[in-house]
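turn this into a structure:
(one chain, ligands or ions: 1)
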Amino acid sequence: MTATLNFTQVQTRPILMIPGPTELPWPVIQALNQPPAIQYDRSFDEGVLEPTTKALRDVFQTRNEVILLPGSGRTALEAGALSVIERGDRVLVVGAGQFGLLMREIMNRVGADWTEFPVELGARLDLDRLAREAERLRPKAITLVHNETSTGATYPAAEVGKIARSVGALFMLDTVSSIAGIDVRTDEWGVDLNMTGSQKCLAAPLGLSLVSVSPRAWEAMEQRKIKAHSYAYDLLRWKEWWVPVSRGGSVPDGAPRRQPVSMPTHLTAAMRVAAELILQEGLEARFRRHALSGGALRAGVKAMGLEMFPDASIASNTVGCIRAPRNVEPAAVVQLMRERYGVLIGTGLDKLRTTTLRIGTMGITASPQYVLPALSALELALRDLGYKAQPGAGVAAAQAAFAEGI
Ligand SMILES: Cc1ncc(COP(=O)(O)O)c(C=O)c1O
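Okay, the predicted model is just below:
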């Protein structure tokens, strides 16, 4: 009997092609390699935190404040929700997958009187119906997941922003898997709270949550009847302790500022480098690179005889959600790709766990250097599991797409 070859014997870790956390650019990794800084020193506030948030404003395409917090994407969602929503406030939650449900759960915890606007998994959003529902409910806030990571679908945030504005609702947008990979125009779209995490297309380490806050959102916080039920994550404290008077906050210009929650210094330093790399590349080029990579991934998948899960018109450029071939267990594909071919992808989530696979094209992995080996490993693993596709067909189609698009 021939022994099974092990191609990953000397590899210490798989390449991360999951939809986040994603691979890090080398300068970002290097930024982590420093002795501890003192988070309450002016040198850190002025030399690291402030320039980071300023660079992030350009990434967010906003003139408003971008607040950093220790945490992850869901911390940003929760901080946004608990800061503006009071018990009994009406909230309309667009639910098109697992992360819409997460927002609903968070709204539940903060005591919102929420109504879900359900969208079939992977299907388009009916904007007319949403507008009618918003008109009927007149909610204090409307929430949307821009890029639903569980189904690989991107939703029309600009249009939902218009609906929110037309009924005087705050627009709360989850951009966890889109910011810095797909165009997110915070100010132009009227996003009041743009909530995201560091570990996806921003290509920074996991551990920071980011929220941009519009003047309307600050106003909603200031007009609360009762203070937010959180000390560390009440965003209003940033306005009172951190934001200078010249930018609408309470701290006299030039006076020392205080962080309402102690900032993780290494992660902030890494975030600063990540944001600078994004701005050096340029937002337009970065979005095009993600679009090309997402398209190449889809072309490769199609050439292998497989189908994407969501409606083609809303297929995401940062998360490819693929229907697994019949009789092939997604978990077995993931395990084999990781153990035998050294590439980690994800299964679907929840209801889609046993029928779909997910591949991230985020940050530096949105390139031929990562997409082609991922498709190659997928082809090999599927063949090992009995799915017959022509060897190299997926890689060839993706490579052709890259060649045409560059
Ligand atoms: C769209 C979306 N929202 C929220 C989250 C939660 O973020 P985190 O896992 O960083 O808390 C995720 C994570 O994958 C996500 O993709």
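
what parts of this structure come near the ligand?
Counting by CB under 6 Å from any ligand atom, the residues of the chain close to the ligand are 20, 72-74, 99, 102, 145, 149, 174, 176-177, 197. Every residue, glycine included, has its C-beta placed from N, CA and C.

and those residues as JSON lines, adding pLDDT?
Converted to JSON lines, these look like this (pLDDT from 0 to 100):
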{"residue": "Gly20", "pLDDT": "97"}
{"residue": "Ser72", "pLDDT": "98"}
{"residue": "Gly73", "pLDDT": "98"}
{"residue": "Arg74", "pLDDT": "98"}
{"residue": "Phe99", "pLDDT": "98"}
{"residue": "Leu102", "pLDDT": "98"}
{"residue": "Val145", "pLDDT": "99"}
{"residue": "Thr149", "pLDDT": "98"}
{"residue": "Asp174", "pLDDT": "99"}
{"residue": "Val176", "pLDDT": "98"}
{"residue": "Ser177", "pLDDT": "98"}
{"residue": "Gly197", "pLDDT": "98"}
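
among these, which are in strands?
Those of these mapping onto strands are 145, 174, 197, per DSSP state E.

for Val319, see how far away the first one is.
So the one you mean is Val145. Relative to Val319, Val145 is positioned 11 Å away (criterion: CB to CB, to the nearest Å).

quick one: which of the ones in strands among the residues of the chain next to the ligand is nearest to the ligand?
For these, the residue nearest the ligand by CB to the nearest ligand atom is Gly197; the value is 3.8 Å.

surely the closest one touches Pro205?
No. Applying CB atoms under 8 Å as the test, Gly197 and Pro205 come out as separate, 10.5 Å apart.

these two: which is more packed in?
Looking at Gly197 and Pro205 with other CB atoms under 10 Å, you find the greater number of neighbours at Gly197, namely 26 against 20.

residues contacting the nearest residue to that one once chain neighbours are set aside?
If the residues on either side of it in the chain are set aside, Gly197 comes closest to Gly73, at 3.2 Å by CB to CB, 6 or more residues apart in numbering. Each residue near Gly73 by CB atoms under 8 Å, 6 or more residues apart in numbering is listed here: 174, 176, 195-197, 199-200, 209.

repeat for Ile278
For Ile278, the residues meeting the contact criterion (CB under 8 Å, 6+ apart) are 59, 180, 202-203, 286.

could I have stretch 219-227 exported to CSV, CA atoms only?
As requested, C-alpha coordinates have been extracted for stretch 219-227 and formatted as CSV (Å, rounded to 0.1, in the frame of the first residue of the first chain):
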residue,chain,number,x,y,z
GLU,A,219,-26.9,64.1,19.5
ALA,A,220,-28.9,60.9,20.1
MET,A,221,-26.4,59.9,22.8
GLU,A,222,-26.6,63.4,24.4
GLN,A,223,-30.4,63.3,24.4
ARG,A,224,-30.7,60.0,26.3
LYS,A,225,-33.0,60.0,29.3
ILE,A,226,-30.8,57.6,31.1
LYS,A,227,-27.0,57.1,30.7
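
may I see the buried residues of it?
Along stretch 219-227, the positions that meet the burial threshold by neighbour count (16 or more other CB atoms under 10 Å) are 220-221.

any idea how far that stretch is from the chain center?
Centroid separation for stretch 219-227 versus its chain: 28 Å, with CA atoms, centre = their mean, to the nearest Å.

please apply the same query to stretch 15-31.
Centre-to-centre, stretch 15-31 and its host chain are 14 Å apart (CA atoms, centre = their mean).

between the two ends of that stretch, how far is it?
Looking at stretch 15-31, the gap from its leading to its trailing residue is 21 Å under the measure CA to CA, to the nearest Å.

and for stretch 162-173?
Taking CA to CA, the span from the opening residue of stretch 162-173 to its closing residue is 13 Å.

buried residues of that stretch, list them for me.
Applying a neighbour-count criterion of 16+ other CB under 10 Å, one finds 163-165, 167, 169-173 buried in stretch 162-173.
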